[in-house]
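K.L.:
Sequence plus the predicted model coming up.
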Amino acid sequence: MPDLHLIDHPLIQHKLTLMRRAETSTAKFRTLLKEISLLMAYEVTRDLPLKLETIQTPMATMEAPVLAPEKKLVVVSIMRAGQGILDGILELMPSARVGHIGLYRDPQTLRVIEYFFKVPEDLSDRDVLVVDPMIATGNTAVAALYPLKQAQPRSLRFLCLLAAPEGIAHFHREHPDVPLYAAAVDEKLDERGYILPGLGDAGDRLFGTK
Ligand code: URA
């Protein structure tokens, strides 16, 4: 069974509908993506381990839970639209570490080429969350996970906003061991590899480049 987690909270679904609307402005789109990312991060991090720490309240001493990992969570943004999700997550977890991966498709060979890869050193005792709003063909997500797996993080998971069934199938064929979190699964891809009904080009809508 594929490890797909649909986060279909009503607030997320409502905000996603607003994002999908063609008339939604760049500013609004950005804010909505940030808000949804924050809500999704809440769910994705539900199983982060806790440990007890002795603290002093104004009233008494107590054993209180704090996040256990000494090494902070790493959020890896796939450029460039991953930035929109990253911004939301950093609002919730300001001390998370950040990595970036840049990939593009060679128009001749159609192969995915990595042009940028920078993540914190030594991921072996860190949990890594990779973010990209759209899983369409799945090519980018699949390619991004290989170098990260080589770094052998303690855990690896992927968060997107929208996914197409074709992309999910591709993702699970190549990386059945990586849990995938999405707010919605849409109908299909068009002939150019865009998600239908989707929301258009997430990068262009986020940065106002079209
Ligand atoms: N990337 C996008 O931004 N939108 C799509 O529909 C597919 C890939």
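P.N.:
That came in fine, so what should we check first?

K.L.:
Would you tell me which residues of this protein are close to the ligand?
P.N.:
Residues of the chain lying near the ligand by C-beta under 6 Å from any ligand atom: Ala81, Met134, Ala136, Tyr194, Ile195, Gly198, Asp201, Ala202, Gly203. No exception for glycine: its C-beta is placed from N, CA and C like everyone else's.

K.L.:
Just the ones of those in helices?
P.N.:
Among these, the subset assigned to helices under DSSP state H consists of Ala202, Gly203.

K.L.:
Are any of the residues of the chain next to the ligand buried, and if so which?
P.N.:
Using 16 or more other C-beta atoms under 10 Å as the burial test, the residues of the chain next to the ligand include Ala81, Met134, Ala136, Tyr194, Ile195, Gly198, Ala202, Gly203 as buried.

K.L.:
Could I get the full set of strands for the chain?
P.N.:
All strands of the chain, identified by DSSP state E, fall at 4-6, 50-56, 61-67, 74-79, 97-105, 112-118, 127-131, 134-135, 155-159, 162-163, 180-182, 184-185, 188-189, 195-196.

K.L.:
The third one pairs with which strands, and in what direction?
P.N.:
Based on DSSP bridges, the strands next to strand 61-67 in the sheet, each with its direction, are strand 50-56 (antiparallel).

K.L.:
ok, and the closest non-adjacent residue to Leu189?
P.N.:
Ala164 (5.0 Å; C-beta to C-beta, 6 or more residues apart in numbering).

K.L.:
Neighbours of the one you found, how many?
P.N.:
Number of residues near Ala164 (other C-beta atoms under 10 Å) recorded here: 24.

K.L.:
Grab the most central residue of the protein for me.
P.N.:
Val131 (2.3 Å; C-alpha atoms, centre = their mean).

K.L.:
ok, the closest residue to that residue other than its chain neighbours to the ligand distance?
P.N.:
Nearest residue to Val131 in three dimensions, chain neighbours excluded: Ile85, at 4.0 Å (C-beta to C-beta, 6+ apart). Ile85 is 12 Å from the ligand, where distance means C-beta to the nearest ligand atom, to the nearest Å.

K.L.:
same thing with Ala41?
P.N.:
For Ala41 relative to the ligand (C-beta to the nearest ligand atom), the value is 20 Å.

K.L.:
OK, contacts around the residue lying closest to that residue once chain neighbours are set aside?
P.N.:
Leaving aside its sequence neighbours, Ala41 sits nearest to Ile89 (C-beta to C-beta, 6+ apart; 4.7 Å). Ile89 makes contacts with Ser37, Leu38, Ala41, Val75, Ala96, Leu129, Val131, as judged by C-beta atoms under 8 Å, 6 or more residues apart in numbering.

K.L.:
Much appreciated, bye for now.
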